[in-house]
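Visitor: here is a sequence with its predicted model. Questions after.
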Amino acid sequence: MEKELWKPGNMLYPLPVVMVSMADRQGRYNIITIAWTGTVCTNPPMVSISVRPERYSYPILRDTGEFVINLTTRNLTRAADFCGVKSGREVDKFEKLGLTPLGADRVKAPLIGESPVNIECRVVQTIPLGSHCMFLGEVEAVHADGAYMDEKHKFHLEKAEPVVYSHGAYYVCGEQLGTFGYSVRRK
Ligand SMILES: Cc1cc2nc3c(=O)[nH]c(=O)nc-3n(C[C@H](O)[C@H](O)[C@H](O)COP(=O)(O)O)c2cc1C
């Protein structure tokens with residue numbers, strides 16, 4: 001096993017790639033694509049997103065302290081990429097991509113209707129780290145698309161074909177290899 005030594009960098013892959021939606025004080029919507037995101041606490045439920053201060057989205061997040069994390073799917077991949085290369089300074093991303101803004105329950109930021117799961121968040125801590133500033137968000141509500149619910153009310157996210165980001169490329173999740181604890185479960 002011969003390993004190459006690389007300089008320090010981010011190689012924690014694959015990662016979720018999410019579309020983060022928000023509304024400014026004037027009620028104008030924007031979407032930014034974020035891969036530097038994670039679940040950080042179960043109780044209270046908390047997530048993080050890390051955003052570069054030069055993004056158009058940054059002052060909106062700072063000012064309003066509200067955002068929605070929208071999970072991405074095979075059908076949303078092109079839109080997610082677009083929201084990750086075009087700025088809200090130049091284009092209304094909802095309008096340009098034909099995405100549907102839906103009213104959220106607890107925050108003014110809109111949900112993206114086409115996403116199967118929308119996570120409403122309120123910023124509880126803002127932590128400048130260097131190139132990125134991390135927003136720690138407490139989850140205030142979660143919306144799950146009924147289209148992926150079976151007759152027993154079990155949610156099948158896999159049917160939405162979730163997408164991950166790995167080392168510069170997008171991949172769709174596919175084959176299930178096991179379920180939580182399967183390695184020790186009696187047959
Ligand atoms: C796959 C992907 C992941 C990205 N992840 C991040 C991220 O974690 N943090 C960040 O600040 N920008 C990230 N970006 C870049 C922003 O999404 C991009 O600069 C976007 O155009 C900013 O939009 P805005 O100017 O409307 O805020 C990512 C872009 C892509 C394509």
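Guide: Good, I have the coordinates.
Visitor: what segments of the chain are strands?
Guide: Secondary structure of the chain by DSSP state E: the strands cover 15-16, 18-23, 29-34, 37-41, 46-51, 66-71, 101-102, 111-112, 117-128, 133-144, 163-166, 169-172.
Visitor: mean neighbour count and distance to the ligand added to those, as TSV?
Guide: Yep, even glycine has a C-beta here, placed from its N, CA and C like the rest. Shown next, in TSV, are these (neighbours: other CB atoms under 10 Å; distance: least, CB to the nearest ligand atom, whole Å):
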stretch	mean neighbour count	distance to the ligand
strand 15-16	16	8
strand 18-23	25	9
strand 29-34	24	4
strand 37-41	14	7
strand 46-51	20	4
strand 66-71	26	11
strand 101-102	16	15
strand 111-112	26	14
strand 117-128	17	13
strand 133-144	18	9
strand 163-166	18	5
strand 169-172	13	7
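Visitor: pipe those strands into CSV and attach mean pLDDT per row.
Guide: CSV is the format used below for those (pLDDT from 0 to 100):
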stretch, mean pLDDT
strand 15-16, 98
strand 18-23, 98
strand 29-34, 99
strand 37-41, 98
strand 46-51, 98
strand 66-71, 99
strand 101-102, 98
strand 111-112, 98
strand 117-128, 98
strand 133-144, 98
strand 163-166, 98
strand 169-172, 98
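Visitor: His153: which of these is closest?
Guide: Among those, strand 133-144 comes nearest to His153, with 10.3 Å by CB to CB.
Visitor: run through who's touching that closest one.
Guide: 40, 44-53, 58, 61, 67, 69, 104-107, 111, 116-127, 155 (CB atoms under 8 Å, 6 or more residues apart in numbering).
Visitor: which non-adjacent residue is nearest the residue in the chain that the ligand sits nearest to?
Guide: In the chain, the residue that lies nearest the ligand is Gly84 (2.5 Å; CB to the nearest ligand atom). The spatial neighbour of Gly84 that comes closest, neighbours along the chain excluded (CB to CB, 6 or more residues apart in numbering), is Thr33 at 3.2 Å.
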